[in-house]
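*Asks:* please find the sequence and the predicted model below.
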Amino acid sequence: MSKVAVTGGAGFIGSHVVDVLLNRGYEVLVIDDLSNGIKENVNQEASFYEVNICDPFLREVLGKEGPDALIHLAAQSSLRNSTKNPRFDAQTNILGSICVLESCKDLCIGKVVYSSSVDVYGEPQYLPIDENHPIRPISPYAASKYAVENYLYCYKRNHGVDYVSLRCSNVYGPRQDSNGEAGFVAVFLDGFLRDRKPTINGDGGQTRDFIFVEDAAKAMVLALEKETNSKIFNIGSGVEVSIGGLYNEMKKIFERDLFPTYSDPIEGEVRRMSINPGLAEKELDWKPETTLEVGLRKTIECFKAKKN
């Protein structure tokens with residue numbers, strides 16, 4: 001394959017995926033409606049179309065450009081918004097993904113790599129979670145992500161559209177938006193840089209598995225390139241970190257005492273999370289390369305440079 005389409009390619013994770021693809025010699029087509037993405041994130045070597053994945057024009061764009069494969073990241077990604085407006089969440093994440101898959105079927109696009117989420121597992125029965133863990137989504141966002149995984153299976157079985165679904169843990173790094181409902185790292189960084197106390201939803205004792213965005217992007221490209229027996233992989237660090245511990249790590253880097261405020265937990269969030277990425281290491285030849293400290297320092301440098 002030589003040309004790859006990336007939906008959501010102007011977004012936080014998607015723009016890094018585009019960079020990895022270009023560095024590996026691919027021709028890249030970016031499709032993004034800029035509802036969350038930023039056009040300045042898009043590498044100038046990529047072709048760009050401002051198109052919503054639910055728009056019938058999507059098929060025309062893909063037909064004109066003729067990509068060999070597609071990496072699908074365009075989504076409504078806010079857990080909080082999914083609980084407030086589950087209909088919009090389903091329209092974007094489920095119906096939008098069906099539009100993408102219909103185009104792939106009609107245009108004989110050979111492979112789809114889908115950015116799913118560890119949220120599909122729901123409240124963990126054991127840690128670290130592997131791919132055999134029961135699926136019990138507890139938010140509309142997680143339910144929509146799992147629904148698309150099932151559609152991927154249907155399109156593979158019935159129409160021969162090959163796929164790999166990556167259940168990513170909490171991705172952080174440069175280009176993450178600190179406005180609105182953002183990841184913990186981006187929100188904390190914004191607080192330190194603006195000398196404002198950030199808010200932690202919950203008591204800070206909840207845990208997450210943090211993966212640096214460049215590592216996650218590499219996993220998606222390897223999933224595109226590798227012939228695999230499995231179709232679903234966990235992508236994360238395998239390390240369980242408390243939100244309070246993350247905040248303390250950032251305090252050390254900034255060498256500042258800025259104490260957060262606390263609010264009620266977000267509906268649909270789990271208490272603890274860490275995942276086992278061993279299957280991805282075995283079949284995709286992938287493993288996380290960036291420690292949390294190194295990733296945080298890289299992210300802080302980029303945020304500071306952008307602010308200046």
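*Replies:* Yep, that arrived. Residues are numbered from 1 along each chain as shown.

*Asks:* host element of residue 252?
*Replies:* helix 243-254 (DSSP states H and E).

*Asks:* remind me what the helix or strand of the chain with the lowest mean pLDDT packs against, helices and strands.
*Replies:* Across the helices and strands of the chain, mean pLDDT, DSSP states H and E gives its lowest value to strand 199-201, namely a mean of 81. Applying 3 or more CB pairs under 8 Å, 6 or more residues apart in numbering; DSSP states H and E, one finds that strand 199-201 makes contact with helix 243-254, strand 261-263. (Each C-beta comes from the backbone N, C-alpha and C, glycine too.)

*Asks:* export those as TSV, with columns for mean neighbour count and mean pLDDT.
*Replies:* Below are the helices and strands packed on strand 199-201 laid out as TSV (neighbours: other CB atoms under 10 Å; pLDDT from 0 to 100):
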stretch	mean neighbour count	mean pLDDT
helix 243-254	17	92
strand 261-263	11	84
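
*Asks:* OK, contacts around the nearest residue to residue 215 once chain neighbours are set aside?
*Replies:* Spatial nearest neighbour of residue 215, excluding adjacent residues (CB to CB, 6 or more residues apart in numbering): residue 288 at 4.8 Å. Each residue near residue 288 by CB atoms under 8 Å, 6 or more residues apart in numbering is listed here: 211-212, 215, 236-238, 277.

*Asks:* any idea how far residue 21 is from residue 306?
*Replies:* 23 Å (CB to CB, to the nearest Å).

*Asks:* with neighbour numbers in mind, choose between these two.
*Replies:* Neighbours per residue (other CB atoms under 10 Å) separate residue 21 from residue 306, with residue 21 holding more: 26 against 10.

*Asks:* so that one makes contact with residue 221?
*Replies:* Yes - between residue 21 and residue 221 there is a contact under CB atoms under 8 Å: 6.0 Å.

*Asks:* any stretches of the stretch 151-300 of the chain with poor pLDDT?
*Replies:* For the stretch 151-300 of the chain, the stretches with pLDDT under 70 are 179-182.

*Asks:* helices of the stretch 201-308 of the chain, residue ranges please.
*Replies:* Per DSSP state H, counting those that start in this stretch, the stretch 201-308 of the chain carries helices over the ranges 213-225, 243-254, 278-283, 292-307.

*Asks:* tell me the most buried of those helices?
*Replies:* helix 213-225 (a mean of 23; mean count of other CB atoms under 10 Å).

*Asks:* CA atoms of that one as PDB?
*Replies:* The C-alpha trace of helix 213-225 is given here as PDB (Å, rounded to 0.1, in the frame of the first residue of the first chain):
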ATOM      1  CA  VAL A 213       0.900  10.000  21.700                       C
ATOM      2  CA  GLU A 214       3.900   9.200  19.500                       C
ATOM      3  CA  ASP A 215       3.900   5.600  20.800                       C
ATOM      4  CA  ALA A 216       0.200   5.300  20.100                       C
ATOM      5  CA  ALA A 217       0.600   6.700  16.600                       C
ATOM      6  CA  LYS A 218       3.300   4.200  15.900                       C
ATOM      7  CA  ALA A 219       1.000   1.400  17.000                       C
ATOM      8  CA  MET A 220      -1.600   2.400  14.500                       C
ATOM      9  CA  VAL A 221       0.800   2.500  11.600                       C
ATOM     10  CA  LEU A 222       2.200  -0.900  12.600                       C
ATOM     11  CA  ALA A 223      -1.300  -2.300  12.800                       C
ATOM     12  CA  LEU A 224      -1.700  -1.100   9.200                       C
ATOM     13  CA  GLU A 225       1.400  -2.800   8.000                       C
END
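
*Asks:* what's that helix packed up against?
*Replies:* So helix 213-225, by 3+ CB pairs under 8 Å, 6+ apart, packs with helix 12-23, strand 69-72, strand 111-117, strand 162-168, strand 170-172, strand 232-235.

*Asks:* next, the angle from the fourth one to strand 111-117.
*Replies:* Here the directions of strand 162-168 and strand 111-117 differ by 20 degrees (axes from the mean of the first three to the mean of the last three CA atoms, to 10 degrees).
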